[in-house]
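Visitor: turn this into a structure:
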Amino acid sequence: MEILGYLILGCIGAGILFIAVKFTILIETPIIIHGGITENKKYISAINSITNVIFNVVLVFISFVEWPLGMIVWYAVAEFLLIPVSEILAYKAISKADIKKIIKTTYSANMLSFVAGSLFVFMLMAVLSAF
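Guide: So this is what the prediction gives:
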C-alpha cells in the first residue's frame with residue numbers, strides 16, 4: 001500500500017513538472033522569437049525543458065532533506081544566474097544576434113517566467129491548502 005502512495009505522489013510530481021515546463025515555454029517562446037534571438041521553437045522548447053527539469057529535480061532533492069535555506073539559495077541562484085546564463089550560452093551558439101541583445105532578451109524572458117511561475121505556485125498552494 002505504501003508503494004501505491006509513492007507512485008501516486010510521483011505521478012503528481014511529474015504532472016506538476018510537466019505543467020511547469022509547458023508554462024515556461026508558453027511564456028518565454030514569444031519573447032525569444034520577437035526578441036530576434038531565434039525562430040526555432042523546437043530549440044527554445046528543448047533549452048527551456050532541460051534547464052527547467054534540472055532546476056526542479058535539484059529542488060525536489062533539496063526539499064527531501066528538509067533544508068529550507070538551501071531551497072531558497074538554490075532557487076535564487078538557479079533563477080537569477082544558472083538558468084539565464086546556460087540559456088544565453090545555448091542561444092549564442094545558434095543565434096547571429098548581438099550578445100547584449102541575447103542577454104537582455106533571455107533575462108527578460110526568464111524574469112517574466114519567474115514572476116508568472118511564482119504567482120502560479122502561490123495560487124496552487126492556496127487552492128491545495130483549502131482541502
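
Visitor: in this structure, which helix has the most residues?
Guide: helix 2-34 (DSSP state H).

Visitor: in that helix, what counts as buried?
Guide: Neighbour-count burial for helix 2-34 flags 17, 20, 21, 23, 24, 25, 27, 28, 29, 31, 32 (criterion: 16 or more other C-beta atoms under 10 Å). Heads up, the C-betas are built off the backbone N, CA and C, glycines and all.

Visitor: for the fifth one, report the pLDDT, please.
Guide: Turning to residue 24, the model gives it a pLDDT of 88.

Visitor: look up how far residue 18 lies from it.
Guide: 11 Å (C-beta to C-beta, to the nearest Å).

Visitor: next: the last one.
Guide: Residue 32 sits 21 Å away from residue 18, taking C-beta to C-beta as the criterion.

Visitor: the residue nearest the centre of the chain: what secondary structure?
Guide: Centroid-nearest residue in the chain, with C-alpha atoms, centre = their mean: residue 52, separated by 3.6 Å. Here residue 52 is recorded as helix under DSSP: H, G, I helix; E, B strand; the rest coil.

Visitor: measure it to residue 126 for me?
Guide: 23 Å.

Visitor: ok, now which ones touch the closest residue to residue 28 other than its chain neighbours?
Guide: Once flanking residues are discounted, residue 28 sits nearest to residue 109: 4.1 Å by C-beta to C-beta, 6 or more residues apart in numbering. By C-beta atoms under 8 Å, 6 or more residues apart in numbering, residue 109 lies in contact with 27, 28, 31, 32, 35.

Visitor: confirm for me that residue 75 is in contact with residue 59.
Guide: Yes - using C-beta atoms under 8 Å, residue 75 makes contact with residue 59 at a distance of 6.8 Å.

Visitor: residue ranges with poor pLDDT in this structure?
Guide: 1 (pLDDT under 70).

Visitor: which SSE is residue 112 in?
Guide: helix 99-129 (DSSP states H and E).

Visitor: packing partners for the helix or strand hosting residue 90?
Guide: Assigned by DSSP H and E, residue 90 belongs to helix 83-94. If you count contacts as 3 or more C-beta pairs under 8 Å, 6 or more residues apart in numbering; DSSP states H and E, helix 83-94 packs onto helix 41-64, helix 99-129.
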